[in-house]
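[1] quick one, structure for this:
(chains A, B, C and D)
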Number of protein chains: 4
Amino acid sequence: MSQHAEPIASSSGRAGGTGVWFIGARGSVATTAIAGCAALSAGLCPPTGMVTETEPFAAAALPALSSLVFGGHDTVDWALPKRAEALAEQGVLPHGLARAVHGELAAADLEIRTGGPLADDRRTDDELITAFAADIAAFTHRTGVARTVVINVASTEPAPAHDAPRLPTSSLYAAAALRAGCAYVNFTPSTGMHHPALAQAALSSEVPYAGRDGKTGQTLLRAVLAPMFSQRALEVRAWSGTNLLGGGDGAALADSAAAAAKNAGKNRVLQDNLGSLPQGQVHIDDVPALGEWKTAWDHVAFEGFLGSRMILQTIWQGCDSSLAAPLVLDLARLVARAHEARITGSLPELGFYFKDPDGGSPALAEQYISLLGFATRLAATA
Amino acid sequence: MSQHAEPIASSSGRAGGTGVWFIGARGSVATTAIAGCAALSAGLCPPTGMVTETEPFAAAALPALSSLVFGGHDTVDWALPKRAEALAEQGVLPHGLARAVHGELAAADLEIRTGGPLADDRRTDDELITAFAADIAAFTHRTGVARTVVINVASTEPAPAHDAPRLPTSSLYAAAALRAGCAYVNFTPSTGMHHPALAQAALSSEVPYAGRDGKTGQTLLRAVLAPMFSQRALEVRAWSGTNLLGGGDGAALADSAAAAAKNAGKNRVLQDNLGSLPQGQVHIDDVPALGEWKTAWDHVAFEGFLGSRMILQTIWQGCDSSLAAPLVLDLARLVARAHEARITGSLPELGFYFKDPDGGSPALAEQYISLLGFATRLAATA
Amino acid sequence: MSQHAEPIASSSGRAGGTGVWFIGARGSVATTAIAGCAALSAGLCPPTGMVTETEPFAAAALPALSSLVFGGHDTVDWALPKRAEALAEQGVLPHGLARAVHGELAAADLEIRTGGPLADDRRTDDELITAFAADIAAFTHRTGVARTVVINVASTEPAPAHDAPRLPTSSLYAAAALRAGCAYVNFTPSTGMHHPALAQAALSSEVPYAGRDGKTGQTLLRAVLAPMFSQRALEVRAWSGTNLLGGGDGAALADSAAAAAKNAGKNRVLQDNLGSLPQGQVHIDDVPALGEWKTAWDHVAFEGFLGSRMILQTIWQGCDSSLAAPLVLDLARLVARAHEARITGSLPELGFYFKDPDGGSPALAEQYISLLGFATRLAATA
Amino acid sequence: MSQHAEPIASSSGRAGGTGVWFIGARGSVATTAIAGCAALSAGLCPPTGMVTETEPFAAAALPALSSLVFGGHDTVDWALPKRAEALAEQGVLPHGLARAVHGELAAADLEIRTGGPLADDRRTDDELITAFAADIAAFTHRTGVARTVVINVASTEPAPAHDAPRLPTSSLYAAAALRAGCAYVNFTPSTGMHHPALAQAALSSEVPYAGRDGKTGQTLLRAVLAPMFSQRALEVRAWSGTNLLGGGDGAALADSAAAAAKNAGKNRVLQDNLGSLPQGQVHIDDVPALGEWKTAWDHVAFEGFLGSRMILQTIWQGCDSSLAAPLVLDLARLVARAHEARITGSLPELGFYFKDPDGGSPALAEQYISLLGFATRLAATA
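    Next comes the predicted model:
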């Protein structure tokens, strides 16, 4: 093992090494991000899909991809290299890539700890938070990185009941990040940092955090199309959509409570861009036959001049992990750099990445401008 | 007739009355614009699709819709009220609207003059320009409007041969506008003001002009979607499209030379937004069975992280006249107001409306910001 | 009124006049069928969409369209001519048609009786059946028709609970048809004749009956596409679909119990054609903005040679009443003629028309062959 | 090499071994067919997509897949195993399959001869036919198969000029098949056996032949959907389509003359099923970014009852080689068996497989019934 780990160990040993701690570290998104980061560092692939590798971010002093060191929590125990092979068979990773970056995957695999709460777990919420925070702190210490960003890429959890006696799992991890003094990103619709019980700790912490729910498909499209209708003064009467998801996400969201959490974010994009919520529903179907791929169909019924009725339909066929992984790497770099620059609290400038952002414009074009402004701000402190 | 014309005559008699002179005044777009302007002035319909009726334009001192007076050139001689009835049967205009605004349509009908060149027309280019300019000037004088905007909404003409001995028809009209001292808008892909022979006259004129080729469907979508791919660093490999057009536009564009003119604009949007032109073609088919409706299918093959292949498809089903008419009214008001404010030359701030604008950003969101800036500039001179 | 009713009265006075009694007589389907029958009888429109007007049915001795006399039950009280005007504004009926056939609509309007059970209706099931049967018998007697077909085109009712103490409404009407000695067609997914309590009466009756649930859109497509996959030995992995419905049907089916009844028929088509039910769900959404129109999107994930993954998508945009009305007229003629020819019991040869037919092949092409055979059989008894 | 060839040699040594001689033997379709036949013979994959492996063909005494021996002509010289690796990277063949059947691919590779005419080829048509026939005869002799079927799966050639002095290449190969006494299948739209100069030889030959142009995507759909419109008496007003093709086929068909050949077949399906050709065009675009995949969009504008306007759209995303290869194997078996059963001349019963068949119904469902009848006929002679 050790010879595989060396390249990363050496990079992480440098001042400026950055830890990335995934909640859901053995999932498709994390595996794709870790394999992709290694492939890009080795020059095997161009950085397609990574916004932070484009020119406007050159001066922002972001941590190099080759300086990222990966670890995380998960509750399953398949090995990352094996997971990567499975993703290659699904067409998510290119042929041969899993083998080419086997060392980096195996190194990350060694840094994954069992999360929780497990079945019949008798630990209290506070004990769990302490245990998780200890795992993260040990990783930071062991790898010698300057700081670690905690990123939630686990399966969507059901929306919590109002009177639930315990914190949702995602909030346990968010609290652990705070306790470990780590920046935090919630790439899922789960509660995470948005729990009232964490509000005080979040406010008094000195870390930046961002979320929630990565905008990778249908909602990305909605965030560019809804502003078009508004700007053209066209009246959207109904916006209907169906998502077909394979993979684990489909199964998780087939649980209607989890889907409700997801759909709240989707609707918010329409509400905020159009000024009111049009007719129409959103469905999320679990279709295992699609494997790692997803399809989103949207049907927009709108009225134009003198009430004429018109229709726009869109069909988005993408690979969820391929869409998410580069954004996750972007966020790791941006939030780590913000932490370094002593920027704290929520980061509305990162709304470009999220379905349900912490403020800012709901329109993608304006979110992009805001993101460029954030890059400029980071560059100014470099 | 006279009693029908009175409301417009009285409004046009006021200082500030604005003339709108359509090239192609008996076509679907002009008929819809005239009928719609009357309907909105009478409060019969909400101003859906009119950008200049939204809040950001309230202070720009644009001419009131009720102050617009219509006339124009055409080479056919069906009556506008009859044309409006036909559009109502196609579902372009609401039931009963043609009858409700019969007076305004009949009044405009009286202000339409025969254009040219006609078959076997022996007049020289200069004679034609002079005749057209005289028609426009007489209209301005007769109706007492403060100024007139000339707007080309005629069928697309074939791209001119390089060594054509005569000016294309659209350029004859553009030259007539200059000679009559009128502002000019080219809502079609025809040459219009973009002819080398008009360059000197355009430069030395003291009128504003804008163009070209209204952005009403497929290209509108491309102007919002292409920036999304760029901003997300996704690699567009191929962008293919097919347009099915009924009505006169389909027949005009079935002429492959005219289609070539149209497609140049469509490709420019991709080239300018993506940095290079992806694979793929655009087809324009004449499908008379679609009547006044058009359908555009786009297929975008793009690559994401690690080269994963993904696809976006869009289907836009719209009524061309309903999409174009409110933009034409917007442009009439904006350009007339610019003329009043002594703004001259090309207006890149109106790129929001055009496939092939005179400069400015190719992305709709930035074009919208630029348009808002133009409104602010107009407000400052009010 | 009387002069309008004359043409129908005279035709119904002839031997061979045929009564058509609609359950849901003031709904979109019934109104379109009545208006369309009058328009075709008067030669105002070609018989597009009517299978029984094609050549293979010429010798089947079906009742002439001009000999049909309409009446029915409904629980609302708007007038048919007014309903037809509303359908014309939605584009379902051509401009001017409602006026042209006003007489026939008004005549049918006079033959509509209030159905039930009404709110707080204290009548027993048997009393209701007796009252409905009396209404139908009186119509037959009054109009002098040779026989009457009862056709259910009412909104879909929720699937009945297993232990419901009373018959579902659709079954009350079906029982009334039996009691009145009338042939019966169920064009909806409601229970109708398929209730255990009616089994004995149906068996011992001497009338023909057919159903259920007209196949007008998504399921029609499935009945032609599913056999293609089977015949080509392609493996359908998942068949997903979303229906967007405006009009009353959307609202009725937004009730998930009613949707369950509808979806059972849709799934049966897949199950029967493919041999097993693939992955995937069907959604029915109420989208009032679509008016009388409906859109169905289907996504079929299938495997070909060596497991290669492929996809077919279909989008069907239709007007439900326009699709249903000619089939309803077809069925009225076919079933009335079967009654005349002393054919009794269920008619599996009419599976061409139904989502959930009483036996026969599930593939449209074979159903069509079976229907042609039925026409031949009718011709042989003529 | 020899050890790899053994399994096939032994099977082909048996009486009943069947030769399959591909024109275009190194192309995607031939490579997929050869690799797939080996995979199925070895039980590595289920026979998805192979109609002749379904139950109705069990008694037809078709040659076993394991008894097929492959060879052919081609003008390129890359090796089949390498080509198979490339197809696996495109997702056409499953991971690892190319390696698993390397022996069979290498054996077939040895049986491929250089075709023609080559650039600056000075041989006359007759000399070429003789040379090709000799290659085929030598293959039959060398492998000891009972008979050989020649199958054209080469790229589409341009439609020949009427006054071309020489035979088109596809007809040279068809003539060679006749001269070698071999059955012949034309899976492409090229002329092949349909050349007047071959008519006499075809008539007097004692071999069966079938064609032309495999029905694998858009036309397959049209052959099931067009009958639906006819059977339902719906009026198709316009049927428009766009095909996006990667791979070699796209490049070949970007040549508009070749596309014309292809489109003639597509239109024939509509003409024959609908009774007349509706409005609308078909486009074939070369989109190299799609690799081995193709997408076909169809837009059908149709009228229903009382002239209501409705639309069906279909999107077919498939892998051309995966769709074609099993049909090619089906045809090899069926035509070889017909040859054995002394059935000669054209085989209209195989219209199920072709865009432009030699007679028979244009509707897929009836073509399937005809194919089942053919299987029964073959069984009767077994």
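[2] what about A:Ala64, neighbour count?
    Counted with other C-beta atoms under 10 Å in any protein chain shown, residues neighbouring A:Ala64 total 13. The way it works is simple: take the backbone N, C-alpha and C, and place the C-beta from them, glycine included.
[3] swap in A:Leu225?
    Using other C-beta under 10 Å, A:Leu225 has 25 neighbouring residues.
[4] ok, now how distant is it from D:Ser321?
    Per C-beta to C-beta, to the nearest Å, A:Leu225 is found 36 Å from D:Ser321.
[5] do a quick rundown of the helices in chain A.
    Assignment of helices within chain A using DSSP state H yields the ranges A:2-13, A:28-41, A:80-89, A:97-100, A:102-110, A:125-143, A:169-179, A:199-204, A:218-231, A:247-254, A:256-274, A:320-340, A:364-380.
[6] between these, which gets the lowest average pLDDT?
    When the helices of chain A are ranked by mean pLDDT, helix A:2-13 comes last with a mean of 33.
[7] turn the helices of chain A into a markdown table, including distance to chain D.
    As requested, those are exported to a markdown table (distance: least, C-beta to the nearest C-beta, whole Å):
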| stretch | distance to chain D |
| --- | --- |
| helix A:2-13 | 24 |
| helix A:28-41 | 16 |
| helix A:80-89 | 5 |
| helix A:97-100 | 11 |
| helix A:102-110 | 17 |
| helix A:125-143 | 34 |
| helix A:169-179 | 35 |
| helix A:199-204 | 45 |
| helix A:218-231 | 17 |
| helix A:247-254 | 17 |
| helix A:256-274 | 23 |
| helix A:320-340 | 14 |
| helix A:364-380 | 24 |
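[8] B:Ser204 is nearest to which of those?
    In terms of C-beta to C-beta, the element of the helices of chain A nearest to B:Ser204 is helix A:218-231, at 34.8 Å.
[9] so is the closest one next to chain C?
    No: with C-beta under 8 Å from any C-beta of the partner chain as the criterion, chain C is not reached by helix A:218-231; the gap is at least 13.2 Å.
[10] in that helix, what's buried?
    The neighbour-count check on helix A:218-231 (16 or more other C-beta atoms under 10 Å in any protein chain shown) flags A:218-231 as buried.
[11] could you do stretch A:270-289 as well?
    Within stretch A:270-289, the residues scored as buried using 16+ other C-beta under 10 Å are A:270, A:272-274, A:278-289.
[12] so which of those comes closest to chain D?
    Among the buried residues of stretch A:270-289, A:Ala289 lies closest to chain D (C-beta to the nearest C-beta), at 13.4 Å.
[13] contacting residues around the residue nearest to the closest one when sequence neighbours are not counted?
    Nearest residue to A:Ala289 in three dimensions, chain neighbours excluded: C:Arg237, at 3.5 Å (C-beta to C-beta, 6 or more residues apart in numbering or on different chains). Residues in contact with C:Arg237 (C-beta atoms under 8 Å, 6 or more residues apart in numbering or on different chains) are A:289, C:278-279, C:301-303, C:309.
[14] rerun that using 10 Å as the cut-off
    By C-beta atoms under 10 Å, 6 or more residues apart in numbering or on different chains, the contact list for C:Arg237 reads A:287-291, C:278-280, C:300-303, C:309-310.
[15] what about A:Ala202, distance to A:Trp21?
    The gap separating A:Ala202 from A:Trp21 is 18 Å, by C-beta to C-beta.
[16] of the buried residues of stretch A:270-289, which belong to strands?
    A:282-286 (DSSP state E).
[17] mind putting those residues into JSON lines with pLDDT?
    Below are those laid out as JSON lines (pLDDT from 0 to 100):
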{"residue": "A:Val282", "pLDDT": "92"}
{"residue": "A:His283", "pLDDT": "92"}
{"residue": "A:Ile284", "pLDDT": "91"}
{"residue": "A:Asp285", "pLDDT": "92"}
{"residue": "A:Asp286", "pLDDT": "93"}
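[18] of those residues, which is the nearest to B:Glu340?
    The closest of these to B:Glu340 turns out to be A:Val282 (C-beta to C-beta; 47.6 Å).
[19] mind listing what's buried in stretch A:180-200?
    Of the residues in stretch A:180-200, A:180-195, A:198 count as buried by neighbour count, 16+ other C-beta under 10 Å.
[20] out of the residues you listed, list just those in strands.
    Counting by DSSP E, the buried residues of stretch A:180-200 place A:183-186 in strands.
[21] which of the residues you listed sits closest to D:Arg113?
    For those, the residue nearest D:Arg113 by C-beta to C-beta is A:Val185; the value is 61.5 Å.
[22] Throw the helices of chain A into JSON lines and include distance to B:Thr54, thanks.
    Output for the helices of chain A, formatted as JSON lines (distance: least, C-beta to C-beta, whole Å):
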{"stretch": "helix A:2-13", "distance to B:Thr54": "53"}
{"stretch": "helix A:28-41", "distance to B:Thr54": "40"}
{"stretch": "helix A:80-89", "distance to B:Thr54": "47"}
{"stretch": "helix A:97-100", "distance to B:Thr54": "50"}
{"stretch": "helix A:102-110", "distance to B:Thr54": "52"}
{"stretch": "helix A:125-143", "distance to B:Thr54": "50"}
{"stretch": "helix A:169-179", "distance to B:Thr54": "40"}
{"stretch": "helix A:199-204", "distance to B:Thr54": "38"}
{"stretch": "helix A:218-231", "distance to B:Thr54": "9"}
{"stretch": "helix A:247-254", "distance to B:Thr54": "37"}
{"stretch": "helix A:256-274", "distance to B:Thr54": "13"}
{"stretch": "helix A:320-340", "distance to B:Thr54": "33"}
{"stretch": "helix A:364-380", "distance to B:Thr54": "17"}
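[23] quick one: closest of those helices to C:Ala332.
    Ranking the helices of chain A by their distance to C:Ala332 (criterion: C-beta to C-beta) puts helix A:256-274 first, at 42.6 Å.
[24] which elements pack onto the closest one?
    When contacts are defined as 3 or more C-beta pairs under 10 Å, 6 or more residues apart in numbering or on different chains; DSSP states H and E, helix A:256-274 packs onto helix A:218-231, strand A:235-245, helix A:247-254, strand A:282-286.
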